[in-house]
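A.B. asks: Structure for the following, please:
(chains A and B)
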Amino acid sequence: MKKLLLDKVNVPGIKTFEVYRREGGYRSVEKALTMSPDAIVEEVKKSGLRGRGGAGFPTGLKWSFLAKPEGVPRYLVVNADESEPGTFKDRYLMEFLPHLLIEGIICSSFALGSNVSYIYIRGEYDWVSDILDTAIGEARQHGFLGKNILGSGFDCEIYTHRGAGAYICGEETALLESLEGKRGLPRIKPPFPAIKGAWGCPTVVNNVETICAVVPIMNDGGEAYSKIGIGKSTGTKLISACGNINKPGVYEIDMTVSVEDFIYSDEYCGGIANGKRLKACIPGGSSVPILPANLLLKTAKGEKRLMNYESLSDGGFITGSMMGSGGFEVLDEDQCIVRHTLTLARFYHHESCGQCSPCREGTGWLDKILTTIENGKGQMKDIDLLWDVQKNIEGNTICPLGDAAAWPVAAAIRHFRDEFEWHITNREECLVRNFGLAHYADELKIAATT
Amino acid sequence: MADEKPLIKITIDGITIQVPEGTSILNAARMIGPEVAPPTMCYYSKLQDSGGKCRTCLVEVSAGSTKDPRPMPKLVASCRTNVMDGMVVKNTTSEKTLDARKGVVEFLLINHPLDCPICDQAGECYLQDLSYGHGDGFTRYEFKRRTFVREDIGPYIQLHMTRCILCYRCVYVANQLTDNRVHGILDRGDQSDISTYISRAIDNDFSGNMIDVCPVGALTDRTFRFKNRVWFLKPMDAHRDCDKCCGKVTLWTRGEEVFRVTSRKDPWGEVQDIDGKAAWICNTCRFEKKKAADWVIEGPTSIDRHSVISANHYEVKEMPPDPLNKVLDNHSPMLLMDIRETSQVNQPDIDLSILPGPATSYTFKDHDEATEISKANEERLKINDHKKVY
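C.D. replies: Predicted coordinates for the structure are as follows:
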């Protein structure tokens, strides 16, 4: 498979403008400036590119929704506030290929008619922000940014904006609020940002990887891009693999790879670390439902599960999960699902913005109940209570953070209820264990497939 | 309101109404009446941008519009969703909505201290109404509740953050009515705290309206704290000439004394529109004028909110028919002092002072008749014995 994004990542000095340009960088900008903006949008539509931030909304469609009133500026905002536990693909892209992002932004800005673009970058990524600033400076020096790019009459400016460490600011409307200098609280939709976004102007908010993927689309054409992959999952996807695997890291895959191959082949994760067995996996970042090994490798219909949008969500949330943002977290047989769920619940409790009541109160409640179960003080009715609480949060909140907090808990109870029950019936044992529940996993005969 | 706007049809709980375009589902439901209007905790029609936060007004949209009759996948916040032509909304008829609402009430209450017996807001508290109307009578929350230290913000307002449900209304009041907002939300998530930055005082002519908009007892009137329960007070409409505000208020009196002054509320518990403008009142009217002599009293306020304060106030209730006759099978009841003719009183031939107990109708009746009945009743016979003695 030909890598589209990470092709040149190992070229020494690719961070600098000279090397990047020598390796064929900024070709797409030259090409784009000769095209009409609508033709670029059409090309992106043809490519079937879907948003890489998590929701998987078709990018071309999103761009075509952008309102274009006269005399009002439009903005492109790149969402680099990657804070989901387990996801680190955007950092990798920005850190090693800053010019790829800038190239993508220039093409996208031209297509959208936006003269000012912002990169809203996670506050903790301070060194990445510096790398981007340097790259933006270089691009400006060489005439790819600023006024009248390459004599085309198109002006484009890029500014980086550092977040202040809030997960919620990765939600697009909260991001815009934060960009405007306000509290990062999600707005109530509608109006969508495409109509009323940053400073009340039409705005497109896209993930870093999405914008980067515009570059190969421009270079090779939307047709060619849509031929990679399978079905509606076109192109390549970056997966940040982590957890109990031999080779954690960022991998670029075309979406025909099966989950089993991805975990066990040497090209990708290289199998489970220390010869352990696979117990469960979160295939798309911490907010998507966890899947036990048997459902992860095969769908409920008995088909092989592939690493793409459709296959991973096959069976809905009962027997499936989601592609999400591509944070692939693998848990081996020693890992404790209750402790794992607690860690996630604590994260969402900490990151809830507190604007709407189900999420504000519910995430804290989930955290507290899970803490008692984890500490051997739970009761059987707590499991049903957890289920009720997550059900009351899900779908009733302003933004998807509520759903993201509810889904992992729901999936953990759905697939690993016996483990919760074990924690409640074996109070002493679950307190003194050093880590995991190895003997427990044996007892249960959790599907050990190789 | 803009009259030119075309009217569109919306059906809520099977009742169809025509409303101007741009109306929210909630306001359309309010036009129909309180039976179908979803409850609100954070939405306040007089405050721009309010709403959408508490999620108590969630409704199910079973058909988006005539053009696109697909149902909406999630419940929507009715206060911030505009109606579309041909929209079909289910509020009280939807199981899903009622379940979600119950869940929201539970969430709002888990960190609420439930100190209604000592809370000044009790009786006119939205959260009380909401939890009686939509909540369960018990809690499943077994953890320590979130608490904060009470704080005086300014000379007139006390902040009791523990009771707050974070509706943001007071923030909108400060933004939209006063010229300088000095308080806001600090921290995030369930540790969010409404406060001024390093205990600055809220000192503004219209800051008192925050107390009116607060749905719970988080912001209370310091001049009224622990003075009286609201249901003991009589609300009276009154006005005075005020150079800052409209001067039209409700006085809460007991006897001659004015205990507190608030703005006038409409049936939804919001400030009334008077002459097309929301009748916010200034701090002078609210806190300084606490004598009946300061005001021209117009008359008793009519209260039609479903809450404790509306009880016992000026309501002429139709009495149910007296069931006694039916129970006694049309026999007339025995009454104490069943005196029918004045002559019996004016010319009694019985010395009442010698009776052992109170006189009854039998005391005045004929001896024969009395004995007849007395056979059935020893108690009465005793009394008639005395009569015999006489």
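A.B. asks: What lies in contact with stretch B:46-53?
C.D. replies: Applying C-beta atoms under 8 Å, 6 or more residues apart in numbering or on different chains, the contact partners of stretch B:46-53 are A:188, A:355-357, A:398, B:26, B:40, B:42-44, B:57, B:77, B:79-80, B:166-169, B:172-173, B:176, B:213, B:270-271, B:273, B:278, B:280. For the C-beta atoms, the positions are set from N, CA and C on the backbone; glycine is no exception.
A.B. asks: Please apply the same query to stretch A:238-253.
C.D. replies: For stretch A:238-253, contacts defined as C-beta under 8 Å, 6+ apart pick out A:1, A:3-6, A:52, A:86-89, A:92-93, A:209, A:236-237, A:262-263, A:266, A:268-274, A:276, A:281, A:307, A:326-332, A:334-335.
A.B. asks: Which members of these occur in helices, if any?
C.D. replies: A:89, A:92-93, A:209, A:262-263 (DSSP state H).
A.B. asks: Now the residue in chain B that chain A sits nearest to: which helix or strand?
C.D. replies: Closest residue of chain B to chain A, C-beta to the nearest C-beta: residue B:103 (3.0 Å). Secondary structure from DSSP states H and E places residue B:103 in helix B:95-110.
A.B. asks: which secondary structure elements does the very next helix or strand once past that helix contact?
C.D. replies: Taking DSSP H and E as the definition, the helix or strand that follows helix B:95-110 towards the C-terminus is helix B:126-134. On a contact count with 3 or more C-beta pairs under 8 Å, 6 or more residues apart in numbering or on different chains; DSSP states H and E, helix B:126-134 meets helix B:95-110.
A.B. asks: Pull the most distant pair out of the ones in helices among the contacts of stretch A:238-253.
C.D. replies: Farthest pair in the ones in helices among the contacts of stretch A:238-253 (C-beta to C-beta) is A:93 and A:263. Separation: 22.8 Å.
A.B. asks: got a list of what the residue of chain B closest to chain A touches?
C.D. replies: Contacts for residue B:103 (C-beta under 8 Å, 6+ apart) come out as A:358, A:388, A:391-393, A:396.
A.B. asks: Now do the closest residue to residue A:67 other than its chain neighbours against chain B, distance only.
C.D. replies: Distances taken as C-beta to C-beta, 6 or more residues apart in numbering or on different chains put residue A:202 closest to residue A:67, at 4.3 Å, once the chain neighbours are dropped. Using C-beta to the nearest C-beta, to the nearest Å, residue A:202 is found at 20 Å from chain B.
A.B. asks: wouldn't residue A:202 be in contact with residue A:70 here?
C.D. replies: No - applying C-beta atoms under 8 Å, one finds residue A:202 not in contact with residue A:70, separated by 11.7 Å.
A.B. asks: what about the two, which has more around it?
C.D. replies: residue A:202 (24 against 4; other C-beta atoms under 10 Å in any protein chain shown).
A.B. asks: The residue nearest to residue A:276 when sequence neighbours are not counted: what's it in contact with?
C.D. replies: Distances taken as C-beta to C-beta, 6+ apart place residue A:332 nearest to residue A:276, at 3.9 Å, with adjacent residues excluded. Shown in contact with residue A:332 (C-beta under 8 Å, 6+ apart): A:243-244, A:272-274, A:276-279.
A.B. asks: Most neighbours of all those, which one?
C.D. replies: residue A:279 (28 neighbours).
A.B. asks: Helix or strand: which one has that residue?
C.D. replies: Going by DSSP H and E, residue A:279 is in strand A:278-282.
A.B. asks: and that strand, what other elements does it pack with?
C.D. replies: Applying 3+ C-beta pairs under 8 Å, 6+ apart, we find strand A:278-282 packed against helix A:259-264, strand A:291-292, helix A:293-297, strand A:327-332, helix A:401-425.
A.B. asks: near chain A, which residues of the stretch 101-250 of chain B?
C.D. replies: With C-beta under 8 Å from any C-beta of the partner chain as the criterion, the stretch 101-250 of chain B meets chain A at residues B:103-104, B:106-108, B:110-111, B:140-141, B:143, B:165-166, B:168, B:185, B:187-192.
A.B. asks: Swap in 7 Å and give it another go.
C.D. replies: B:103-104, B:107-108, B:110-111, B:140-141, B:143, B:165-166, B:185, B:188-190, B:192 (C-beta under 7 Å from any C-beta of the partner chain).
A.B. asks: out of those residues, what pair is the most spread apart?
C.D. replies: Farthest pair in those (C-beta to C-beta) is B:140 and B:185. Separation: 27.5 Å.
A.B. asks: more crowded one of these two?
C.D. replies: In this view residue B:140 and residue B:185 are compared by other C-beta under 10 Å, and residue B:185 has more residues nearby, 18 against 15.
A.B. asks: Was I right to think that one contacts residue B:195?
C.D. replies: No - applying C-beta atoms under 7 Å as the test, residue B:185 and residue B:195 come out as separate, 8.2 Å apart.
A.B. asks: Got a quick PyMOL command for the buried subset of the contacts of stretch A:238-253?
C.D. replies: Here is the PyMOL command that selects only those of the contacts of stretch A:238-253 that count as buried (16 or more other C-beta atoms under 10 Å in any protein chain shown):
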select buried, chain A and resi 4+5+6+52+86+87+88+89+92+93+209+236+237+262+263+268+269+270+271+272+276+281+307+326+327+328+329+330+331+332+334+335
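A.B. asks: what number of residues lie near residue 82?
C.D. replies: Since no chain was named, I'll use chain A. Neighbour tally, residue A:82, other C-beta under 10 Å: 28.
A.B. asks: Oops, wrong one, chain B.
C.D. replies: Per other C-beta under 10 Å, the neighbour tally for residue B:82 reads 16.
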